[in-house]
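# Structural data only, the sequence is not supplied:
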Ligand code: NDP
């Protein structure tokens, strides 16, 4: 059955706050949306601990629970939520064609892209080799394994600060590796790490190599000012240096910036291809918040509904 073609009015690719919000609105509007959840059902919030800034949750909520709430709300209105990954697209004609898991072809009158963004890596050989053996891009997922031990985290944005603070509650010591002499993170987050006794910030430091054969045993750091190298002994190495948009398969058809973020017509979710809309982090390199992703997911569903209504043969 999987090889059969299927025609849908509204296909949603991705299942973070943007995708689920689009699914809620599209299903309530009668578009019978089909959603493919992608590689990481629930998206980045499923690897987040407490979400304290999403309106409506006065006591905060953990990320996976929040995404389960989103999923249930979309399912309640009839969204058809499926496992599967969009592996290629053809936006050269109509209907739009999207291949799922390299085999099933979906023909869609409208496509809502909500594929989000993924963690960036430093690109060291040792980082790739030890990935899953002490190297991680998700403190909330893997910090537990290093409780009572010393760890390092690289990055100086809000994510790195948030994760360093999270790790400081589990680990005996957290080294924060910052490549400049200042941080990019918001002042409140910087102050939080600066005032945590078991976090030590290593300024002007870059990671030369992650040490260890079968598991992380340490990190060799280089000081960018003096050129000196030093080694620190750690059991876990966390990378928190930002994200890149999951837009590769769309780039041949859709306008995007130099980092790959899809371009939308300002004030809308419309891409340069009629009937294809983008929402959430895949098109937002500025705000990147759950609430803004949800807002643009709503816009995408409304734009899709209006687009369908405008088609003569609809
Ligand atoms: P950012 O892009 O903000 O920060 C990335 C950090 O990683 C920067 O400090 C950067 O250094 C550093 N970095 C990048 N590449 C390397 C490298 N090769 N080696 C060493 N360091 C590197 O990403 P974040 O994920 O932190 O945040 C993304 C967005 O999400 C931001 O807008 C942030 O405000 C938001 N956010 C908000 C939160 C909240 O409000 N609770 C929580 C988490 C994120 P440099 O500064 O030198 O470029």
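Arrived safely. A quick note: this is a predicted structure, and the numbers were derived from the prediction, not measured.

# Contacts for the helix or strand encompassing residue 206 next, please.
Secondary-structure element containing residue 206, defined by DSSP states H and E: strand 205-211. Contact partners of strand 205-211, identified using CB atoms under 8 Å, 6 or more residues apart in numbering, comprise 122, 124, 126-127, 130, 134-135, 154, 177-179, 216-224, 229, 231, 237. Just so you know, the C-beta spots here come from the backbone N, C-alpha and C atoms, and that holds for glycine as well.

# Quickly run through the sheet partners of the least confident helix or strand in the chain by mean pLDDT, with directions.
Lowest by mean pLDDT, DSSP states H and E among the helices and strands of the chain is strand 50-51, with a mean of 76. Partners of strand 50-51 in the sheet, by DSSP bridges, are strand 61-62 (antiparallel).

# Check the offset of the partner strand from the chain's centre.
17 Å (CA atoms, centre = their mean, to the nearest Å).

# Pull out the buried positions in the helix or strand that that strand is followed by.
Going down the chain from strand 61-62, the next helix or strand is helix 63-76, by DSSP H and E. For helix 63-76, a neighbour-count test (16 or more other CB atoms under 10 Å) marks 63, 66, 67, 70, 71, 74, 75 as buried.

# By pLDDT, give me the weakest of those.
The lowest pLDDT within the buried residues of helix 63-76 belongs to residue 63, which sits at 89.

# which residues does that one contact?
42, 44, 45, 46, 47, 48, 49, 50, 51, 140.

# Touching, the fifth one and residue 136? I think so.
No: counting by CB atoms under 8 Å, residue 47 stays clear of residue 136, with 9.9 Å between them.

# So between those two, which is more surrounded?
Higher neighbour count among residue 47 and residue 136: residue 136, with 26 against 18, using other CB atoms under 10 Å.

# ok, the more buried one - contacts?
142, 236, 237, 238, 239.

# picking that back up, any chance of TSV for the buried residues of helix 63-76, columns distance to residue 101?
Shown next, in TSV, are the buried residues of helix 63-76 (distance: CB to CB, whole Å):
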residue	distance to residue 101
63	26
66	27
67	22
70	23
71	20
74	21
75	21
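
# burial count for the spatially closest residue to residue 304 that is not a sequence neighbour?
Of all residues not flanking residue 304 in the chain, residue 110 sits nearest, at 4.1 Å (CB to CB, 6 or more residues apart in numbering). When neighbours are counted by other CB under 10 Å, residue 110 registers 26.

# Sheet partners, orientation included, of the helix or strand containing residue 110?
Residue 110 is part of strand 104-113 when elements are defined by DSSP H and E. Paired neighbours of strand 104-113 in the sheet (DSSP bridges): strand 6-13 (parallel), strand 96-100 (antiparallel), strand 276-278 (parallel).
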